[in-house]
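Trainee: Return a 3D structure for these sequence lines:
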Amino acid sequence: MGPATRRAQQNARTSVKSAQSGSGFVKKPVRKSRVPSGRGAWDFVGVNDDEDDDVHQNNDVRESVEVEQYAASQNPDAEEGEEEDGGGSSDVEAALKPLREMADKVGREVEAFAVSFDQFLEEVLTERKDEYQSARDLVGTYRVFAEEEVERLRMAVQRERMVVLREEWSRRAELAGEGEVGVGGRGGRGVGGVVSEMKAEKVGKLRDWQRECDVWELFYLVVDFWYDRDARRKKRDEELAELAPPHRYTPEKELWERFLLEDEIAKVHLLYKQWLERTADHQESDLPSIMQELEARSGTGKGLWNRGWLNTRERIKGEKRVRSWPSPSDSVQPQIRTSAGNDMLVTTLDPDAPTRQDRTLEKPDRYFERAVWIACWEMLRRGRSWTEVVAWCEDHNEGWRAAVLSPALDATDTLSNAAWRKMCYLASDSGCSNDYEAAVYGLLGGNIKAVQKVCRTVDDHLFAHYSCMLVRQFDHHLQCRYPGRIASLAVQRADGDDVPHTEENAQRAISQVLKQLRADPTTRDEAVTPFKVTESYLLANDAETLAAMVGAGISDLDSLRSGDEEAVVRIRAVPTELPAEASIAADSHALRIVTHIYAILTAIDPNEQPNDSITAEENVLAAYIQSSRISGKRDPIPVYASRLRPGRSILLMSRTLQDVHESREQRHMLDLMQKYDLPLVEILTEQLRCTLTSNADLNDCFEKPLRIVEDCEISQLYPGWRILDGFLVLDLTDDDAMIVRSLQWFQLLEGHWQLTFQSLAKALRACLLTGRLACAVRIVQDFPSAIISEQKSFAILGRNVNVLDKHPALAAEDDEEALEWELLREQARSYYELEHLVHAIHALAIWAAQERVFTATNKTSASVPSAMRKAKNELDDSMAPLLTGILLYADNEDDQKQLDLLRNTYLPEVLIAYATALYTAGPTISRESYIESMDLSVAIAAEDNGLTDAFTSAKRMRELVNIFAQTSKMMLVMNGINKKVRKADKKGKDLGVWEIGALLGGGAGMGGVDAAPDVS
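Mentor: Below you'll find the model as predicted:
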């Protein structure tokens, strides 16, 4: 049966109360909405496990061959064990800090699980293999990995583990004080006195891996039984066909086999019961340890099992020596009290004497009786067969117990044991020597109330439920199908017939049990632990709801914290109390399990779900991605992001890219995103947007982000203004470095000319508008338009060429290519012009530094250093593009507003600074600078470059005019000082027209350095 059929059957079910939350919730059809809607974000708040350093040092760590091959194929240059620092802006670090505790403890299982999951997706989505078999194989791989971790850790703490388990079992079994007083009873000694805290922590890690192993085994059963129904039913029909038709003499054993094939509910109950038996066998204390504990508390050691009712027998014999003794049939029996003198002692030693006479045994014998039944119960709880239990009783001289239990053996010639099972039910419901005796009879007779009295853990209660339900189901099956073989009274029980007849009834029954376990004070704490919460959904055949409820719990966790990291969506109002599912978020094992359960189920059944359910379910994947991200395990993230809807995958991947610093790792991440068909362009665009929003938010724009000039006194050096010393600091902050890294992705991305230049321009505008000049300078240095053009042009033109260089030698090859060139230049225009602006600002800073050093120490221009002349020439070259008219045109209205703001803010400041630089260069380098200043005024006044409008809008035209006026005066003064006839320059420009210096008295009153000689 395919997924569609399975969903149709599930949708046809009646509403079932599910026990996965303390108050219960209604399990709706699989594709219905499971959680309320809302919005928000989330971070982790805790952790339960980590890798053990000592084990790594003392034992050879098994390195998975698959992981090594995967790492080599995906990142061949990576060194083993290399991890990035995961740095970035302080805001991001603060936002991710709650994840640190758990993520630091995430080990190699993250990579190993990702490798296997990647292979699974390849098989299911690409190779179109049997999705159910592939799912089973994947779950089996995860279970094997957990088993290997268990074995690796067991070698280091096996002894301590056994001590801890024995102590836990002893407390649960309520054995403290049961032994003889002062004869070896150990009392209630705590685990802390036996095992050091460090060793106890290691034991905890071992047990977590064991629990994970068990959960994977349970999920394997769920996938195999509930999802691949067609294959299972086909196999069932084949097995039924091989069985001989039943007849009136068919043994009960064969009817049992047929019953398990015909009744799906009984079959799954048996599978879960056997799973619970296996978990008890390795999660709890083993049988030898239990026997040792019972022996130790008895005070008699190994002799416990061979003594029988020794103390009671000796007491009766002693009384017989001193008094006459009636026969057992007499109505009046001797009144003998126990040694303690509190209770009446039995007068006979037959097994039912305590219940028949309503008397008791001596205290050591009561302990013995209880210990024997405890041993029987624990053997059955761990999956030992009735044959083994009967054999154990015989070996320990308890033949009568063996005789009582022997009908439970699989006798091939027994027609029916229904009457005997009814007797066991009645025995468990009436006087037994202790609760464990009643529990053993209850398992045989299906009396769940009797069994529950000795249940101490969640798994004990579940074992009792499935065991007793199987007995009831089988008796009901016999009565309905073979009424002649069994009397109706043999199957009637005092607590009624609660046999589930349908899948919905069975699910309702187990859900009710789980709900009660969460409400019961004795099991509540255990029932809400991450592993038990996960198991409860699997046992209730509600795996598809698991991720939705955990995602809702994660949302609730996020609602209780401040901030908004956007990784997780808040889907409902802040709860008054966190649900049990929220605990999974803080446990790395449980979170990894739930994540992969969800990912596997959606891969084998990918049909769309309601939006609110998907939102909650994707919170689980988002949380797992965040934990991998903060731990530095970034390579596995793309495969999980590919299982999200585009919006969530873009958001999470964009945040992940912020952690990648090295170019080699960036290339590797780009390859991974392409491999999993993630939307590269959208991810890169989003990571840039997020980075700029966090570090260069345009809402924080300064009214005047750049201040280059300051007022000063008028002199030969300065026209009333001068360039600020050190106005440009080139040291990058962490935020600046993050912005630069966010642009490296676009340079590494093959092709995408327009996207790259648009992104560079966007970042440059943001930096300039927010006053991040150091970052702007680094951007144009690291991403020069000429280099970017050569890199990106190949994908379009088929050759690497600087399209932005208009040198005739680089002309297009034909008219069609010429049109392409013009289009490419238009797309790169904004960044190209902003680049010129930044170069001009940088050139002003270099000039100011050189000029300030010179004017502070020199009085004559004869010693002008070449560096200062070079700075002047570079300043002239960098200013030329600004005078042609830049930042006039943008791709859209928003960009145009930003360009207009930049023009009105930066161009007047930069050009005023340049005018002051030309003024200063006149007396220090050459009087030609005065002519250049006059040329500057003409260029600014040109109509087509928009510079006049920029000065007018900025209300700085008066400053500019005053500078030019002072320059004109200095031209007259300098010409009057130096009467040497000068030749005109190539354009016929000459200071001779200003020869009225005598009228000014040779420039009297103009202090400063000596006038520059006419060296032109």
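
Trainee: okay, CA-based contacts and neighbour counts for the rest of this
Mentor: Will do.

Trainee: can you give me the helices in the stretch 451-600 of the chain?
Mentor: Using DSSP state H, counting those that start in this stretch, the helices of the stretch 451-600 of the chain run over residues 458-481, 503-519, 524-527, 530-539, 543-559, 588-604.

Trainee: TSV for those helices, including distance to Val372 and mean pLDDT?
Mentor: TSV is the format used below for the helices of the stretch 451-600 of the chain (distance: least, CA to CA, whole Å; pLDDT from 0 to 100):
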stretch	distance to Val372	mean pLDDT
helix 458-481	19	91
helix 503-519	28	92
helix 524-527	28	93
helix 530-539	30	95
helix 543-559	40	90
helix 588-604	38	93
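
Trainee: just checking, which of those sits deepest inside the structure?
Mentor: Of all the helices of the stretch 451-600 of the chain, helix 543-559 has the most neighbours on average by mean count of other CA atoms under 10 Å, namely a mean of 27.

Trainee: Dump stretch 134-149 to CSV, restricted to CA.
Mentor: The C-alpha trace of stretch 134-149 is given here as CSV (Å, rounded to 0.1, in the frame of the first residue of the first chain):
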residue,chain,number,x,y,z
SER,A,134,16.2,2.4,1.9
ALA,A,135,14.6,3.9,5.1
ARG,A,136,15.1,0.6,6.9
ASP,A,137,18.7,0.5,5.8
LEU,A,138,19.3,4.0,7.0
VAL,A,139,17.8,3.4,10.4
GLY,A,140,19.8,0.3,10.7
THR,A,141,23.0,2.3,9.9
TYR,A,142,22.1,4.8,12.7
ARG,A,143,21.5,2.0,15.1
VAL,A,144,24.8,0.3,14.3
PHE,A,145,26.6,3.7,14.8
ALA,A,146,24.9,4.0,18.3
GLU,A,147,25.9,0.4,19.1
GLU,A,148,29.5,1.1,18.3
GLU,A,149,29.5,4.2,20.5
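
Trainee: what's the nearest residue to Ile841 if we skip its chain neighbours?
Mentor: Distances taken as CA to CA, 6 or more residues apart in numbering place Val910 nearest to Ile841, at 6.7 Å, with adjacent residues excluded.

Trainee: Enumerate the positions of the helix or strand where that neighbour lies that are buried.
Mentor: When elements are assigned from DSSP states H and E, Val910 belongs to helix 893-924. For helix 893-924, the buried set under the neighbour-count rule, 16 or more other CA atoms under 10 Å, comprises 895-896, 898-924.

Trainee: Roughly how far does the nearest residue to Ile554 once chain neighbours are set aside sit from Ile600?
Mentor: With sequence-adjacent residues excluded and distances taken as CA to CA, 6+ apart, Ile554 is closest to Ala582, at 5.5 Å. Separation of Ala582 from Ile600 (CA to CA, to the nearest Å): 21 Å.

Trainee: With Pro923 instead?
Mentor: 79 Å.

Trainee: pLDDT wise, what is Arg982 at?
Mentor: Here the pLDDT value assigned to Arg982 is 49.

Trainee: Mind checking what secondary structure the residue most central in space within the chain has?
Mentor: Residue closest to the average C-alpha location in the chain (CA atoms, centre = their mean): Tyr624, at 1.6 Å. Per DSSP: H, G, I helix; E, B strand; the rest coil, the local secondary structure of Tyr624 is helix.

Trainee: Quick one: residues contacting it.
Mentor: Residues near Tyr624 by CA atoms under 8 Å, 6 or more residues apart in numbering: Leu591, Arg592, Thr595.

Trainee: same deal with Ala585?
Mentor: Each residue near Ala585 by CA under 8 Å, 6+ apart is listed here: Phe44, Val550, Gly553, Ile554, Leu591, Ala623.

Trainee: Need the max-distance pair from the residues you listed.
Mentor: Farthest-apart pair in the contacts of Ala585 is Phe44 and Val550; separation 13.1 Å (CA to CA).

Trainee: CSV please, covering the helices of the stretch 451-600 of the chain and showing distance to Leu882.
Mentor: As requested, the helices of the stretch 451-600 of the chain are exported to CSV (distance: least, CA to CA, whole Å):
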stretch, distance to Leu882
helix 458-481, 77
helix 503-519, 74
helix 524-527, 72
helix 530-539, 65
helix 543-559, 51
helix 588-604, 56
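
Trainee: in the stretch 301-450 of the chain, which ranges drop under the pLDDT threshold?
Mentor: 301-303, 329, 331-332, 408-415 (pLDDT under 70).

Trainee: just the helices in it please.
Mentor: 310-322, 353-357, 363-381, 386-395, 399-405, 418-429, 435-445, 448-452.

Trainee: Repeat that for the stretch 701-850 of the chain.
Mentor: Under DSSP H, counting those that start in this stretch, the stretch 701-850 of the chain gives helices at 734-748, 753-769, 773-782, 785-797, 815-857.
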